[in-house]
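Engineer: need coordinates for the below:
(chains A and B)
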Amino acid sequence: MPSTRTVDPTRRRQAVAAWVLALPFTLVFLVFTAGPVVASLAMSFTDIRRTDVRTPFNVNFVGLENFAALLGDETFRKVTVNTFLYLVLGVPLTMVVALAVAVALNRVTRLRGFFRVGFYLPVVTSIVAVSVVWKFLYREGTGFNSVLAWVGIDGPAWLDSTSLALPSLVVMAVWRNFGTLTVIFLAGLQTVPKDVLEAAEVDGAGAWQRFRAVTLPMLQPVLLFGAVITGIGYLQFFEEAFVMTEGGPLNSTRSVSYFTFDQFGFGNWGYAAAASYLLFLAVVLLTALQFRLLRQRD
Amino acid sequence: MRRSTTRRLGTPLALLSAAALVLSGCGREESTAGGEEQSAAIADGPAEGTIEVWAMGAEGEALEDFSAAFEEENPDADVEVTAIPWDAAHDKLSSAITAGETPDVALVGTTWMGEFAAAGGLMPTPEGLVDEGDFFPGAWGSTEVGGTSYGVPWYVETRVLYYRTDLAEEAGWDQAPESWEELKEFATDLKAGGAEQGINLQPGQTGGWQTMLPFAWSNGAELTDEAGEEYTIDSPEMAEALEFYSSFHADGLSGTGLLDPGQLEGGFADGDIASFISGPWHTALVEEAGVSPDDYAVVPVPGAEGLPGDSFVGGGDLAVFEDAENPEGGWKYVQWLTQPETQQGFYDLVGSLPSVQSAWETGELADDEQLQVFATQLETAVSPPAVPTWEQVAAVIDARTEEVAKGVKDPEEAVSEMQSEAASIGTGL
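Structural biologist: Modelled structure (predicted):
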């Protein structure tokens, strides 16, 4: 009977082989992922600026000063509110639209592939190209406003208005993003067992009741996944505003990511790193919250 | 489970606290830029050795062949030019300085001088290399960081007033406006004559300071004190200039929206935008958009009381790096590139406007009436403070200007906010 301390030579060889095989990835991960993450976190506690490039260790350790300064920064507060608006307007809208389209597509038997590709197309299109086209659609005297003019409405300059610019960007983002969720929800809908739905129908449940009481609960894991990934996406809102409004008018479309980008551009590396970690924290908290709210209670 | 979580978090936390210890152990030293002596004069005689040069844009592409004349004069020298795209130039130069692996000479955008000099990357200009008085004063100003010059201006650009002469004549203007009062009347008349915008003045937003600040400079405002250490944005002159600038927006003479690329030129061609302020590149753009050269003119920007008004000067400086392997050869090459004859030759080749004043007095440049307008404007053009934090301060000025242009803040309040924000950002020197 072999002692438990003796290592099986085959297993040992396997372990060595595993380490050797994992080594390239581990090194790449440590150097290019873990390293920069730790370095940027360390940076957020210092006053490092880009003029320190030659002497990156000759900077002052400032503790939580960057974070405190951010909370007192009027622009940062403004962009935080904007980002929150992107989130609370964007996520529910995207999910509702995606779910509605998915339910409709689930009933279509012919041409489903065609529609699926059609709705998914905006997702794979370059976001910059999409933004440029939508910028023209929102422009005065063209696009949406010419349509509105047919029914006698004099459309506003959507992107030049401090109150309309952000919702306009959200509408575009919803159009661009719902395709992904539609595909995912559609897959989810097809896993809802037909016999349960039929049983509900026999029990006298109407279409809406079947949807509420059977389909939605069955979809909960898929909905959770959808909420998490769209939520993370909207928290990092950037390109649309960058191309279409440059963060304006009057900072009304500037997001936290945009703010961080600006600060990096100004060379305030420590401050920018701190801002990006606050955003990271927000992503973690939001995800935790969504898991709590949408967790299956069984 | 619990154990492995602790272990997973343990390593990064340990690394982090180690990093914190390392960082707290070292403090910031006094910055080197500012108050530094100019480098010692370089020896006479021909340049020797390999001179590595980085340059951007059309200048970078043409420079290698153009330098053959220099190599002829200096048989032992070999100029090696690497053309780099503008988009990548800032990061490339910045990482080169970080790594200490720099070329000998590079073209540096005027607004980057403060940053690279403060990072300790640039070598102060040697005594007696060139005569400061030969250059346009605003252009020379762009090389001075904290009172020390870190390079030599190579080419320049400045902003002038573009207007549709045909529309102006219809509105009763045979001459361009020369003072603020006239500019206002001019824009009002052009608007009355049917243009949507009598003049387009960028309402703040990215880069808007390049149009707005010349009004402040014309009115006697200074952004920093004499030594360049403190911001002096909050002044009655600045507030007055901003009030005048934003009056065009308030009176509907200028739009307040963000223009799409091509919208300005298109509007100018259609007669919707009767005038605007921009740089030399716009002559080609407006003609491409269909404006006949007979139907528009460029003139110096009007000053508060009359001509000449101040404008913004930008362009490119030539700098030699602290880590250059052949600084002497590099400086000699810079010296050669900024001689009037060389500058004229380079203008003929790629069309960059010379930074040396005397290069404008003879040859093709002297005969071109349109270009002479730029030459006149350059004499009173000002460069923004060459400090590492300038872009951030400029963004503050842009944001506050936008608020004033859109009527949500009054000029005095905006100017005092510019001052307090700029003061908290600091000069970075």
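Engineer: any low-confidence regions in the chain?
Structural biologist: Picked chain A for this. For chain A, the stretches flagged by pLDDT under 70 are A:1-5, A:296-298.
Engineer: hmm, no, I was thinking of chain B.
Structural biologist: For chain B, residues meeting the criterion pLDDT under 70 lie at B:1-35.
Engineer: give me the residue at the spatial middle of it.
Structural biologist: residue B:314 (2.8 Å; C-alpha atoms, centre = their mean).
Engineer: that one: what's it in contact with?
Structural biologist: Residues near residue B:314 by C-beta atoms under 8 Å, 6 or more residues apart in numbering or on different chains: B:109-111, B:142, B:156-158, B:210, B:279, B:383. Placement of C-beta: from N, CA and C, glycine included.
Engineer: if you rank those residues by neighbours, which is first?
Structural biologist: Within the contacts of residue B:314, most neighbours by other C-beta atoms under 10 Å in any protein chain shown means residue B:142, with 32 neighbours.
Engineer: can you pull the contacts of it?
Structural biologist: Residue B:142 sits next to B:110-111, B:113, B:153, B:313-315, B:317, B:383, B:386 when contact means C-beta under 8 Å, 6+ apart.
Engineer: write out the residues of chain A neighbouring chain B.
Structural biologist: Listed as neighbours of chain B in chain A under the rule C-beta under 8 Å from any C-beta of the partner chain: A:34, A:38-39, A:41-42, A:45-47, A:49-55, A:57-61, A:75, A:135-136, A:139-140, A:157, A:159-160, A:245-246, A:248-251, A:262, A:265-268.
Engineer: spell out which parts of the stretch 251-400 of chain B neighbour chain A.
Structural biologist: B:256-258, B:260, B:388-389, B:391-392, B:395, B:399.
Engineer: just to revisit the earlier point, quick check, nearest of the contacts of residue B:314 to chain A?
Structural biologist: Chain A has its nearest neighbour among the contacts of residue B:314 in residue B:111, at 12.0 Å by C-beta to the nearest C-beta.
Engineer: report the contact partners of the residue nearest to the closest one when sequence neighbours are not counted.
Structural biologist: Excluding its sequence neighbours, the residue lying closest to residue B:111 (C-beta to C-beta, 6 or more residues apart in numbering or on different chains) is residue B:390, at 6.1 Å. Going by C-beta under 8 Å, 6+ apart, residue B:390 touches B:111, B:114, B:384.
Engineer: and the last one, how far is that from residue B:91?
Structural biologist: This points to residue B:384. Noted for residue B:384: a distance of 22 Å to residue B:91, by C-beta to C-beta, to the nearest Å.
Engineer: okay, the two: which has more neighbours?
Structural biologist: Neighbour comparison, residue B:384 and residue B:91: the larger count goes to residue B:384, with 25 against 9 (by other C-beta under 10 Å).
Engineer: and the more buried one, how far is that from residue A:264?
Structural biologist: Relative to residue A:264, residue B:384 is positioned 21 Å away (C-beta to C-beta).
Engineer: again with residue A:49
Structural biologist: Taking C-beta to C-beta as the measure, residue A:49 falls 11 Å from residue A:264.
Engineer: quick one, which of these two is more surrounded?
Structural biologist: Set residue A:49 next to residue A:264 and count neighbours by other C-beta under 10 Å: residue A:49 wins out with 21 against 16.
Engineer: that one against residue B:425, yeah?
Structural biologist: No - if you go by C-beta atoms under 8 Å, residue A:49 and residue B:425 don't touch, sitting 10.7 Å apart.
Engineer: over to the closest residue to residue B:57 other than its chain neighbours: give its phi and psi.
Structural biologist: Nearest non-adjacent residue to residue B:57, counting by C-beta to C-beta, 6+ apart: residue B:86, 5.5 Å away. For residue B:86, the backbone dihedrals are phi -60, psi -40 (criterion: degrees, to the nearest 10).
Engineer: just give me the neighbour total for residue B:86.
Structural biologist: Residues lying near residue B:86 (other C-beta under 10 Å) number 12.
Engineer: quick one: strands adjacent to whichever strand in chain B runs longest?
Structural biologist: Longest strand in chain B by number of residues (criterion: DSSP state E): strand B:311-320. According to DSSP bridges, strand B:311-320 forms sheet pairs with strand B:105-109 (antiparallel), strand B:152-158 (antiparallel), strand B:381-382 (parallel).
Engineer: not counting the first one itself, show me its contacts.
Structural biologist: Translated: strand B:105-109. Identification of contacts with strand B:105-109 by C-beta under 8 Å, 6+ apart yields B:51-56, B:59-60, B:89-90, B:93, B:116, B:122, B:151, B:154, B:314, B:316-321, B:324, B:330, B:333-334.
Engineer: now do the contacts for residue B:332.
Structural biologist: Applying C-beta under 8 Å, 6+ apart, the residues contacting residue B:332 are B:42, B:46-47, B:74, B:77.
Engineer: which of those sits closest to residue A:107?
Structural biologist: Closest approach to residue A:107 among the contacts of residue B:332 (C-beta to C-beta): residue B:77, at 78.2 Å.
Engineer: hey, C-alpha coordinates of whichever strand or helix holds residue B:97 in CSV?
Structural biologist: If you go by DSSP states H and E, residue B:97 is part of helix B:86-99. Taking Å, rounded to 0.1, in the frame of the first residue of the first chain, the C-alpha atoms of helix B:86-99 are listed here in CSV:
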residue,chain,number,x,y,z
TRP,B,86,1.4,64.2,-36.1
ASP,B,87,-1.2,61.9,-34.3
ALA,B,88,1.5,59.8,-32.8
ALA,B,89,4.1,62.4,-32.4
HIS,B,90,3.3,63.6,-28.8
ASP,B,91,3.4,60.1,-27.4
LYS,B,92,6.5,59.1,-29.3
LEU,B,93,8.4,62.1,-28.2
SER,B,94,7.2,61.6,-24.6
SER,B,95,8.2,58.0,-24.5
ALA,B,96,11.5,58.8,-26.1
ILE,B,97,12.2,61.3,-23.3
THR,B,98,11.2,58.7,-20.7
ALA,B,99,13.5,56.1,-22.1
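Engineer: and the host helix or strand of residue B:63, how far from the chain's centre?
Structural biologist: Residue B:63 belongs to helix B:57-66 when assigned by DSSP H and E. Here helix B:57-66 is found 20 Å from its chain centre; the criterion is C-alpha atoms, centre = their mean, to the nearest Å.
Engineer: next: stretch B:105-115.
Structural biologist: That offset, for stretch B:105-115, works out to 10 Å (C-alpha atoms, centre = their mean).
Engineer: buried ones in it, by neighbour count?
Structural biologist: For stretch B:105-115, burial by neighbour count (16 or more other C-beta atoms under 10 Å in any protein chain shown) applies to B:105-115.
Engineer: next, format the residues you listed as CSV and append distance to residue A:149.
Structural biologist: Below are the buried residues of stretch B:105-115 laid out as CSV (distance: C-beta to C-beta, whole Å):
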residue, distance to residue A:149
B:105, 58
B:106, 53
B:107, 50
B:108, 50
B:109, 44
B:110, 46
B:111, 43
B:112, 47
B:113, 50
B:114, 50
B:115, 49
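Engineer: for the stretch 101-250 of chain B, which segments count as strands?
Structural biologist: B:105-109, B:144-145, B:148-149, B:152-158, B:160-164 (DSSP state E, counting those that start in this stretch).
Engineer: roughly how far apart are the closest residue to residue B:155 other than its chain neighbours and chain A?
Structural biologist: Excluding its sequence neighbours, the residue lying closest to residue B:155 (C-beta to C-beta, 6+ apart) is residue B:352, at 3.7 Å. The gap separating residue B:352 from chain A is 26 Å, by C-beta to the nearest C-beta, to the nearest Å.
Engineer: how many neighbours does residue B:352 have?
Structural biologist: Using other C-beta under 10 Å, residue B:352 has 20 neighbouring residues.
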